[in-house]
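>>> Here is my input, please return the structure:
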Amino acid sequence: MKVYDNPNRAAGLRAAVLDDVPFPSVALDAAAGLLRRCPLAARTRLRSATALARGLGVGALHIKDERDRMGLGSFKALGAAYVIARDAQDGSAALYTYVTASAGNHGLSVAAGAQAFGAKAVIFLSRQVPEAFATRLSAYGADVVRAGETYEESMAAAAASAERTGAVLLSDSSWPGYTERPYILMEGYLALMQEVFEQMASPPSHIFLQAGVGGLAGAAAAAARAHWGDGPCIVVVEPDAAPALAASIAAGEPVTTSGPHSNMGRLDCKEPSLIALKGLSRDADFCVTISDEEADAGADLCAGHDLHTTPSGAAGVAAAFALDPDQRLRLALDAQARILAIVSEGPERP
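Prediction:
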């Protein structure tokens, strides 16, 4: 594990490429108001993980359990489906074919949202994504296309297809000239944080947020700063094979990283979302990277406390447990600490 300070905290990155990129939305009521009309939109549990907190040597560990969000098994259900629901308000969704790439749960949200509102979905998957996941997408009526060896290559193929066919590209990442739909998508994630604000009697001292392209982490951190101010120490967790946010924040501009495939497949993204990067460069206090072995240990630890998940889903919890004594001191993680973490998805399905 490595820990990186964020030298841009409060000010954010000043890179020219981010000038026209918005900060993440903090419009909590916008997401909650639309989702309240969805019959599957019951809020998820905030678990008080007393035994885990004791093992970690902290005062409290609160875990937002997203493993059954809207029946799709992850927080991603709040994202793409929210965008499609917004389109459905003016009757346009049923006219669209939504195209995206996915390393996992984002594709399910696109497929389920398209099915719910009479639209079509085409999901591009890299050759690294298990066939069982492709089968789940097909069950929601999506067309599945295999393209590329990495998420980035499958996303490039999806973007090219949308450009060629006139379909609507619905990515959970953002880049120069493509921010409108990802901004709305990240706004959907705010429903999770609004629930947390209602479920927690007092603010946490630390928030551990796992990140791939950074959508969840960026949205959650922006909401936390808007609601709780500068109090919580916000820690962004990435695979050491894909430290796109940490590397970009350190470099002072967006960078593309390289590395081997990680077992944290949902987080194995080599390029950051620009909206997330802009927000997290302002809102996060630290970035940490964890190894596949540390992520596995975190998933095993969660499973031992009836929180069965994947290495990606457990990454925030894994990072807290992987800190050595010097790193804990650096983050002021002591016996009085009150941690908020997210178990972001359920276990892999056969």
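>>> Now do the strands in the stretch 101-250 of the chain.
120-125, 143-146, 168-169, 206-210, 233-239 (DSSP state E, counting those that start in this stretch).
>>> Which one of these lies nearest to Asp268?
For Asp268, the closest of the strands of the stretch 101-250 of the chain is strand 233-239, at 5.9 Å, according to CB to CB. (Each C-beta comes from the backbone N, C-alpha and C, glycine too.)
>>> The closest one to strand 206-210, inter-axis angle?
Here strand 233-239 runs at an angle of 20 degrees relative to strand 206-210 (axes from the mean of the first three to the mean of the last three CA atoms, to 10 degrees).
>>> Name the residues that touch strand 233-239?
By CB atoms under 8 Å, 6 or more residues apart in numbering, the residues outside strand 233-239 that reach it are 205-212, 214, 217, 221, 224-225, 244-246, 259, 262, 264, 267-268, 280, 283-292, 295, 315-316, 318-319, 331-332.
>>> Could you list the alpha-carbon positions for stretch 103-121 in PDB?
As requested, the backbone C-alpha atoms of stretch 103-121 are provided in PDB (Å, rounded to 0.1, in the frame of the first residue of the first chain):
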ATOM      1  CA  ALA A 103     -16.300  -3.500 -16.800                       C
ATOM      2  CA  GLY A 104     -19.300  -4.600 -14.800                       C
ATOM      3  CA  ASN A 105     -22.200  -2.900 -13.100                       C
ATOM      4  CA  HIS A 106     -22.500   0.200 -15.200                       C
ATOM      5  CA  GLY A 107     -23.600  -1.900 -18.100                       C
ATOM      6  CA  LEU A 108     -26.300  -3.500 -16.000                       C
ATOM      7  CA  SER A 109     -27.700  -0.100 -15.100                       C
ATOM      8  CA  VAL A 110     -27.800   0.900 -18.800                       C
ATOM      9  CA  ALA A 111     -29.400  -2.300 -19.800                       C
ATOM     10  CA  ALA A 112     -32.000  -2.300 -17.000                       C
ATOM     11  CA  GLY A 113     -32.800   1.400 -17.500                       C
ATOM     12  CA  ALA A 114     -33.200   0.900 -21.300                       C
ATOM     13  CA  GLN A 115     -35.500  -2.000 -20.700                       C
ATOM     14  CA  ALA A 116     -37.600  -0.200 -18.200                       C
ATOM     15  CA  PHE A 117     -38.200   2.800 -20.500                       C
ATOM     16  CA  GLY A 118     -38.600   1.100 -23.800                       C
ATOM     17  CA  ALA A 119     -35.200   2.000 -25.200                       C
ATOM     18  CA  LYS A 120     -32.400  -0.200 -26.700                       C
ATOM     19  CA  ALA A 121     -29.000  -0.800 -25.200                       C
END
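>>> Give me the buried positions along it.
If you call a residue buried by 16 or more other CB atoms under 10 Å, then stretch 103-121 has these buried ones: 103-117, 119-121.
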